[in-house]
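Student: I would like the atomic coordinates for the input below:
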Amino acid sequence: MDEKTIPLQKYLIQSKIHKVKTGKRWGEDLHYRALFEQTSECVFIIGLDFRYLAANQQALRLLGYEEHELVGMPVSNVISQDDSLGHQSFLDDQSDLYERILKRKDGSTLPVEVSTSVVYNETGEPAYIQSIARDMSERKSAEWVLKRHTQILSVIGDATARLLRSSSIEIKIPEVLESLGLAMDVFCCAIFEINTFAANPFVQVRHNWQRSDKEAFDISAAIESFIPELLKTGGGYFSSLGPDDRSASFSRPTLVAIPINGNLGSWGFLGFFLEENKLSWSISELEAAQTAANLIGSALQRNRYEETIRLNETRNRIILDALPDLLIRIDTYGTILDYSANSDHPLYIHRDMVEGKKLSEIWPEEIVQKIIGAMNEGSFTTPSHMQEFQLPYSNHTYEARLYPISLSEALIVIRDITEQARLNEMKSDFINRASHELRTPLTAAILMTELIQEGGTTDELNEYWRTLKSELNRQKILIDRLLIAGRLESGMMKLEIAPMDVIPALEESLMAVKPIAHKGKVSLSLTAQRRPIQVIGDKSGLQQVFINLINNAVKFSRQGGDVKVTVSENESEVLIDIVDSGVGIPEQAMSHLFERFYRAKNVTIAEIPGSGIGLYIVKSIVEELGGTIHVSSVLNQGTTFTVSLKRAE
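Tutor: As a prediction, this is how the structure comes out:
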């Protein structure tokens, strides 16, 4: 006997039997027989030997038997119990209703609800057994669909929670696809998009899961033939079986694709691959899949928004950190909401140390009031600008600009303008010096002209002419330097770089400065290891360099001093040293010596004339020739300028 077939004794024991008394055998009560045939229930009459005595037409249709085929058949051939299928009683223990499985003639099984009763004769002995079966197929199917739908929704809910809790959605999505694929009973689940920007649209799989017991599956290839249809899918779902052929069979897996709206660019889909080659999903399952697509889409979109926000925050922070300015965000109470500056900024303080404090706690109150402006008390409505200010603990000069963000917040930009202020001061000094340098020879020239017009002795007139020529030449030198500086700034000064002998350029430069040296009783000398010495240079440019340096050496030397020019060389360079025994250069001025318009304080105090652009011109020309210039000095003892030029092969 089949282990899953209910033994007759077990069947009788498990059934809560209703006792019914009758004085006749089965079939003798014609009135009951008529009711038996006309009832809509499936009624079976079973003999005491547990074989079927009769069944009404509804019961015969349910099993597919003719009456003569069923009569005499053991009950165990028809009624069975399979606990492994989960068919259990759903009523309380006192109920006589049980869920059982009927075996039909064609071998199929059918879940039924069975009630039984024993019919007794007049003597109180059992006469036969009456069994009523009700078809539970539709109810069981609905229960299965509901259970599956609940399971899928549970998986979707759990997957959504994991996605929303995760800080890395891209890592969690494959796990979610696995859970969803198992719940939907598919062998592959994927998120893909169709790139429509290429000449021929193609499939790009972003995430996928495949069942481990399946062979490798080319998702893109399986989807490509459906691209035109997928691109037309505006809503609902796409099935490779077609909308009216959900039970058809094909030699390839069935694809079900559900659009993921507005997340993966032009087209995004959640795709399922079924290995049965037919789509047997219910409407509720399709709706659950659509829900999954929507939730995954929302998670992806949230992830994209968060990534965009993170990227913008990172980009903004990088931009802010790259700015040389100090940025302070404050509210109307002057409370610091944000404080951002490079670590090398003079006013750098870590934002954690100042956020929440009032700006007036770290800066003087009067400066804070000027920065905010009288128009912005109570609310920020008007931009303000404080041109220059200094803080008690800093020797730098700053300017401040306030920009309202809203009525309650403003951004203050603090710029270090120390160099700009120093340059402006140098420019002002240069303009004053240049004006003086131009006015002095011009005044002398006008005076000499007037004296020449008045006449005099021959010696007097010759002296007037020499003075006039000297003053005009002095004016010409200054103008030439201004023009050269302008051409260097604009990049319009072009040097003709070629191999040349540096000795003649030095000799001509010494001759040009000799009158000035003679006047100041300063001796000049040139020493070279050999002649000629070839360098890479430009004669006119090098003469500008040497005349400037030798002239400065003479100008800053004391009467009776000497200026020595020495030429030496090594394997790759020619070194020209210009040494004087003059006033020297202060150590704090050394780093600014080659800047435009700069003059050391000891020079200005001594009222030694100069424009402040000569050394700027010298350095620019030397570097243009690929050389370098260095300076060493001892205050009140003298200075050495060393020009290094490339040797010519």
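Student: which residue is nearest the centroid of this structure?
Tutor: Nearest to the geometric centre of the chain sits residue 311, at 3.2 Å (C-alpha atoms, centre = their mean).
Student: ranges for the strands of the stretch 251-400 of the chain?
Tutor: For the stretch 251-400 of the chain, the strands defined by DSSP state E, counting those that start in this stretch cover 254-259, 268-274, 326-331, 336-340, 384-389, 398-404.
Student: the inter-axis angle of the second one versus strand 254-259?
Tutor: So that's strand 268-274. Comparing the axes of strand 268-274 and strand 254-259 via axes from the mean of the first three to the mean of the last three C-alpha atoms, to 10 degrees yields an angle of 160 degrees.
Student: partners of strand 268-274, with directions?
Tutor: strand 188-195 (antiparallel), strand 254-259 (antiparallel) (DSSP bridges).
Student: Ok, which of these comes nearest residue 62?
Tutor: strand 254-259 (33.6 Å; C-beta to C-beta). Heads up, the C-betas are built off the backbone N, CA and C, glycines and all.
Student: what's the neighbour count on residue 636?
Tutor: For residue 636, the count of nearby residues is 11 (other C-beta atoms under 10 Å).
Student: same question, the one 10 residues further on
Tutor: In terms of burial, residue 646 registers 17 neighbours under the definition other C-beta under 10 Å.
Student: show me what contacts it?
Tutor: Taking C-beta atoms under 8 Å, 6 or more residues apart in numbering as the criterion, residue 646 is in contact with 535, 536, 572, 573, 574, 625, 626, 627.
Student: Closest to residue 367 out of those?
Tutor: Taking C-beta to C-beta as the measure, residue 367 sits nearest to residue 627 out of those, at 47.2 Å.
Student: Might one say that the closest one is in contact with residue 642?
Tutor: No - Residue 627 sits out of contact with residue 642 when judged by C-beta atoms under 8 Å, with a separation of 10.3 Å.
Student: Between the two, which is the more surrounded one?
Tutor: Neighbours per residue (other C-beta under 10 Å) separate residue 627 from residue 642, with residue 627 holding more: 22 against 16.
Student: Give me the nearest residue to residue 390, chain neighbours excluded.
Tutor: Distances taken as C-beta to C-beta, 6 or more residues apart in numbering place residue 397 nearest to residue 390, at 5.8 Å, with adjacent residues excluded.
Student: The one you found against residue 421, yeah?
Tutor: Yes - Residue 397 lies in contact with residue 421 (C-beta under 8 Å); the separation is 4.5 Å.
Student: okay, and the common contacts of the two?
Tutor: Joint contacts of residue 397 and residue 421 (C-beta under 8 Å, 6+ apart) are residue 388.
Student: Looking at these two, which has the bigger crowd around it?
Tutor: In this view residue 397 and residue 421 are compared by other C-beta under 10 Å, and residue 397 has more residues nearby, 19 against 16.
Student: So for residue 208, which of the strands paired with strand 268-274 sits nearest?
Tutor: strand 188-195 (3.8 Å).
Student: Average pLDDT for that closest one, rounded please.
Tutor: The pLDDT scores in strand 188-195 average 88.
Student: chain center to it: distance?
Tutor: Distance of strand 188-195 from its chain centroid, counting by C-alpha atoms, centre = their mean, to the nearest Å, is 24 Å.
Student: And stretch 567-584, by the same measure?
Tutor: For stretch 567-584, the distance to the chain centre is 55 Å (C-alpha atoms, centre = their mean).
Student: okay, how far is it across that stretch, tip to tip?
Tutor: In stretch 567-584, first residue to last residue: 22 Å (C-alpha to C-alpha, to the nearest Å).
Student: and residue 455, which of the strands paired with strand 268-274 is closest to it?
Tutor: For the strands paired with strand 268-274, the distance to residue 455 is smallest for strand 188-195, at 97.8 Å, taking C-beta to C-beta.
Student: Identify whichever of the strands paired with strand 268-274 lies nearest to residue 511.
Tutor: Closest to residue 511 of these, according to C-beta to C-beta: strand 188-195, at 77.8 Å.
Student: what lines up beside the next helix or strand after that closest one in the sheet?
Tutor: Using DSSP states H and E, the helix or strand that follows strand 188-195 towards the C-terminus is strand 202-210. The strands beside strand 202-210 in its sheet (DSSP bridges) come out as strand 188-195 (antiparallel).
Student: List the buried residues of the strand it pairs with.
Tutor: 188, 189, 190, 191, 192, 193, 194 (16 or more other C-beta atoms under 10 Å).
Student: Correct me if wrong: residue 622 contacts residue 643.
Tutor: Yes - if you go by C-beta under 8 Å, residue 622 and residue 643 touch, sitting 5.9 Å apart.
Student: Now the residue sitting furthest away from the middle of the chain: which helix or strand?
Tutor: Ranked by distance from the centre of the chain (C-alpha atoms, centre = their mean), the top residue is residue 123, with 93.5 Å. Counting by DSSP H and E, no helix or strand carries residue 123.
Student: That's all I had, so thanks and see you.
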